[in-house]
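>>> This is a predicted model, with the sequence first.
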Amino acid sequence: MNPALKAWYYAGGRVPQKYREFVYDDVTGPKWLLRFTVRSLVQVTPLTTAITLALVFGLGSPWPLAIACGALGFVVGLYFALSYAPESVDYRLTKYGYPRGSATRGRRERNAVKDRERQANYDAVWRRSEG
C-alpha cells in the first residue's frame with residue numbers, strides 16, 4: 001500500500017477492498033491498540049483544535065478558557081474512542097466483508113498459546129495444593 005493511502009486510512013478513511021487483508025492484520029496484530037490510538041488521535045486532534053480556535057477567534061473567549069475547553073474535548077473524545085476500541089475495529093472489519101467479531105476472534109486465536117502458558121504458570125504458582 002502506498003504511503004498516501006496508508007495516511008488516508010489512519011486519518012479515518014476507507015481503503016479499497018483489495019487491501020482487506022491489510023485492514024484485518026492492522027486490527028488483529030500485536031500492536032493493534034497502539035495503531036487504533038494513533039488513528040483516534042489523528043481524528044480527534046483537528047476537531048478539538050478547530051473548536052479551540054473558534055472559541056478564541058469566533059467568540060472572543062480568553063485563550064486559557066479556550067485551551068481548557070479544547071483539552072477537555074480532546075480527552076473526552078479519546079476516552080470514548082478507546083473505550084469502544086474492540087467494538088469499533090470489529091465493525092470496521094464488517095465493512096470489508098468479514099463476519100461480526102472477526103477482529104476479536106483473530107486476536108484471541110493469535111494470543112491463545114500465550115494465554116495458555118500464562119494460565120499454566122498461574123496455576124503452577126497459585127493453584128497447587130498445600131498440604
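Arrived safely, thanks for sending.
>>> all contacts plus neighbour counts: C-alpha atoms, from now on.
Will do.
>>> I'd like to know how many residues surround residue 101.
Residue 101 is flanked by 15 other residues according to other C-alpha atoms under 10 Å.
>>> which outside residues touch stretch 8-17?
Here stretch 8-17 makes contact (C-alpha atoms under 8 Å, 6 or more residues apart in numbering) with 5, 38, 39, 42, 43, 96.
>>> Can you say which of the residues you listed are buried?
Neighbour-count burial (16 or more other C-alpha atoms under 10 Å) applied to the contacts of stretch 8-17 gives 39, 43, 96.
>>> circling back: need the contacts of stretch 8-17 in CSV with secondary structure and pLDDT, can you?
Formatted as CSV, the contacts of stretch 8-17 follow (DSSP: H, G, I helix; E, B strand; the rest coil; pLDDT from 0 to 100):
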residue, secondary structure, pLDDT
5, helix, 93
38, helix, 92
39, helix, 92
42, helix, 90
43, helix, 91
96, coil, 93
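>>> Find the pair from those with maximum spatial separation.
42 and 96 (21.7 Å; C-alpha to C-alpha).
>>> just checking, what packs against the one helix or strand residue 82 maps to?
Per DSSP states H and E, residue 82 falls inside helix 63-83. Judged by 3 or more C-alpha pairs under 8 Å, 6 or more residues apart in numbering; DSSP states H and E, helix 63-83 is in contact with helix 32-53.
>>> okay, the helix it packs on in PDB with CA atoms only?
Listed in PDB are the C-alpha atoms of helix 32-53, where the atom choice follows Å, rounded to 0.1, in the frame of the first residue of the first chain:
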ATOM      1  CA  TRP A  32      -3.500  -3.100  17.200                       C
ATOM      2  CA  LEU A  33      -4.400  -0.900  20.200                       C
ATOM      3  CA  LEU A  34      -1.500   1.400  19.600                       C
ATOM      4  CA  ARG A  35      -2.400   1.800  16.000                       C
ATOM      5  CA  PHE A  36      -6.000   2.400  16.900                       C
ATOM      6  CA  THR A  37      -4.900   5.100  19.400                       C
ATOM      7  CA  VAL A  38      -2.800   6.800  16.700                       C
ATOM      8  CA  ARG A  39      -5.800   6.700  14.300                       C
ATOM      9  CA  SER A  40      -8.100   8.200  17.100                       C
ATOM     10  CA  LEU A  41      -5.500  10.900  17.800                       C
ATOM     11  CA  VAL A  42      -5.400  11.800  14.100                       C
ATOM     12  CA  GLN A  43      -9.200  12.100  14.000                       C
ATOM     13  CA  VAL A  44      -9.800  13.900  17.300                       C
ATOM     14  CA  THR A  45      -6.900  16.500  17.200                       C
ATOM     15  CA  PRO A  46      -8.100  18.600  14.200                       C
ATOM     16  CA  LEU A  47     -11.700  18.800  15.600                       C
ATOM     17  CA  THR A  48     -10.600  19.900  19.100                       C
ATOM     18  CA  THR A  49      -8.100  22.400  17.500                       C
ATOM     19  CA  ALA A  50     -10.900  23.900  15.400                       C
ATOM     20  CA  ILE A  51     -13.100  24.200  18.400                       C
ATOM     21  CA  THR A  52     -10.400  25.900  20.400                       C
ATOM     22  CA  LEU A  53      -9.700  28.400  17.600                       C
END
